[in-house]
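Engineer: need a structure here:
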Amino acid sequence: MAAEELIPRTYGNFRKPRTSGLRGLSLGTTLLLFAGLIAVVLTTLVSLWAALCLALGLAIAVAPLALKDRHGRTVMQRGAVRLAWRRTTAAGNHEYRSGPMGRSGNGTCELPGLAAGSRLTEAQDGYSRPFAMITIPSTGHHTVVIACDPDGAGLVEERQVDTWVAHWGQWLSALGSEPDLVAASVTVETAPDTGVRLQQEIDANSAPDSPGLATSMLREVLSTYPAGSAQIATRIALTYSGAARAGTPRRSAEDMALHIGTRLPGLTAGLSMTGAGAAAPMTATELTEAVRVAYDPTVAPLVEEARATGGTGLTWSQAGPMAAREAWDHYRHDGAFSMTWAMTEAPQGEVFSNVLTGLVQPSTDIARKRVTLLYRPHTRAEGARVVQQDYKNALFSAQQSQIGHARDDAEVVAARRTTEEQAQGHGVIRFGMLITATVGSAAELPEAAAAVDNLAPAARIAVRPVYGSQAAAFAAALPLGLVLPLHTALPQTVRDVM
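Structural biologist: Numbering: from 1, shown residues only. Next up is the predicted model:
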């Protein structure tokens, strides 16, 4: 029999919904423009000079809302960020001090910023496995974190990789039907190996009368191997809402622990076919240690040594940094410096399944790197409404010009394809990405920034530093279940209109 020809599978049609306004403007800007033009026309009946002055004022008012940079941010959005940053620094809210001599109170090292006030509890799921649950009182969200051990794509045939991707897509699509689920995130963190585990393994398996050659060889391995190796940790955070529903009050942490515990066995079992490897919920101690090391990477060797001697004993009130200071373009926390980028444009066109491989792999220019994919699934009803509205907006934009443009026609075709796929039962999900690079000194930040600037184009994405919000972005990239759109001053609906 002739060998079956294997055609490489591609992925794409990542769409950012079009606005309902005119010529790429938002709906609010379009309404303001139309109202202003009507006022100008009516003013011409009274005074031509008054109409000219009104037209000039209208242009000044509309320009900050219409002019956008290459990342799609308007002048008004950039100005609002600058104003908010000045207010933050003037009030001293960009600095954090904890511990016995700190200002956080109680002499503890609680998490700063958006995660302040969070609580950590532990319960058991349907398989009697302990799992940690983070509660954010300000939003009523409860988050559970699943630790995975991915198999990796090395020496794996393309057909198996396609199967993993297909099952991962089904798993994400099923999140839209998950009761009370509001968000999910996948965090891939790479860090240099401390060598503590290797040292413990050698000590546990070495015989006192071992040959000298074997002993010297193991010493050489111990001194050279950690320098070129890296640890890779993959964690999936699922965030549920405990908000009140029709006929039921707001649910407590105990009620949500029972609800999530019944869902976890099915969720972890569904990950078995996605290439995620062994998936198990993280315990309270494991999650606390992971967050503590993220804020202070210098304690990583101490944490690993303590695990081998009975555990660290860290509590949630000790997971935060002793001191932190947020700058305009970076974040200093204890003995490390971090810089976080946000994705502003998803891969355009068709891509292969390994498009993000270079981005998530360890980098020699970045000591610790954290790539977090943020997901917010739509329900079936919301998905149908979103894709149908997007199709109408794309069709309206294409009909605005008497001469058709190939780009507008392609947008209409892509939007229609999305509506057809959603009608066939596929899920619709919003997604974003945060990239955090952590180094040991401020002098290493330019090299880390250059490395990310080189990795992002290879992954077919556009990124920009999260200026003025580095502390919030750093916390959102951790598996804490923070849903950033719900922590902003303006609601999401208002921002979409503007």
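Engineer: so how many other residues sit close to A342?
Structural biologist: The tally of other residues near A342 (other CB atoms under 10 Å) stands at 21. Any C-beta I mention is one placed from the backbone N, CA and C, and that applies to glycine too.
Engineer: Repeat that for S98.
Structural biologist: Residues near S98, counting by other CB under 10 Å, number 23.
Engineer: any idea how far the closest residue to Y11 other than its chain neighbours is from G242?
Structural biologist: Leaving aside its chain neighbours, Y11 sits nearest to V351 (5.8 Å; criterion: CB to CB, 6 or more residues apart in numbering). Relative to G242, V351 is positioned 37 Å away (CB to CB, to the nearest Å).
Engineer: before we move on, the earlier item: and the residue nearest to Y11, what pLDDT?
Structural biologist: We have a pLDDT of 90 for V351.
Engineer: returning to that earlier point: who's more crowded, V351 and G242?
Structural biologist: Neighbour count, other CB under 10 Å: between V351 and G242, G242 has more, with 22 against 17.
Engineer: in which helix or strand would I find A269?
Structural biologist: If you go by DSSP states H and E, A269 is part of helix 253-270.
Engineer: Could I have the CA atoms of the helix or strand just after that helix written out in PDB?
Structural biologist: Note on helix 253-270: by DSSP H and E, the next helix or strand toward the C-terminus is strand 278-281. Coordinates of each C-alpha in strand 278-281 appear next as PDB, following Å, rounded to 0.1, in the frame of the first residue of the first chain:
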ATOM      1  CA  ALA A 278      -0.200  14.100  34.300                       C
ATOM      2  CA  ALA A 279      -2.600  16.900  35.500                       C
ATOM      3  CA  ALA A 280      -3.400  17.300  39.200                       C
ATOM      4  CA  PRO A 281      -4.600  20.200  41.300                       C
END
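Engineer: same for strand 278-281, what does it pack against?
Structural biologist: strand 130-136, strand 141-149, helix 253-270 (3 or more CB pairs under 8 Å, 6 or more residues apart in numbering; DSSP states H and E).
Engineer: Pipe the ones you listed into TSV and attach distance to T344, mean neighbour count and mean pLDDT per row.
Structural biologist: Output for these, formatted as TSV (distance: least, CB to CB, whole Å; neighbours: other CB atoms under 10 Å; pLDDT from 0 to 100):
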stretch	distance to T344	mean neighbour count	mean pLDDT
strand 130-136	26	22	95
strand 141-149	25	23	95
helix 253-270	30	17	93
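Engineer: Take the ones you listed and write them to TSV, including distance to A207.
Structural biologist: Converted to TSV, these look like this (distance: least, CB to CB, whole Å):
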stretch	distance to A207
strand 130-136	36
strand 141-149	30
helix 253-270	39
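Engineer: Of these, which is nearest P301?
Structural biologist: strand 141-149 (20.3 Å; CB to CB).
Engineer: circling back: quick check: angle from the helix holding A269 to strand 130-136?
Structural biologist: Helix 253-270 runs at 120 degrees relative to strand 130-136, counting by axes from the mean of the first three to the mean of the last three CA atoms, to 10 degrees.
Engineer: what's in contact with helix 253-270?
Structural biologist: Helix 253-270 is contacted from outside by 119, 121, 123-127, 129, 131, 133, 135, 142, 144, 146, 167, 171, 174, 178-180, 238, 240, 242, 251, 279-281, using CB atoms under 8 Å, 6 or more residues apart in numbering.
Engineer: Restricted to buried residues, select those residues in PyMOL.
Structural biologist: Per 16 or more other CB atoms under 10 Å, the buried members of these correspond to this PyMOL selection:
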select buried, resi 121+123+125+131+133+135+142+144+146+167+171+178+180+238+240+242+251+279+280+281
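Engineer: where's the residue nearest to Y11 relative to R460, distance?
Structural biologist: 6 Å.
Engineer: hey, where'd the strands end up in the stretch 51-200 of the chain?
Structural biologist: Assigned by DSSP state E, counting those that start in this stretch, the strands in the stretch 51-200 of the chain fall at 95-97, 119-124, 130-136, 141-149, 181-192.
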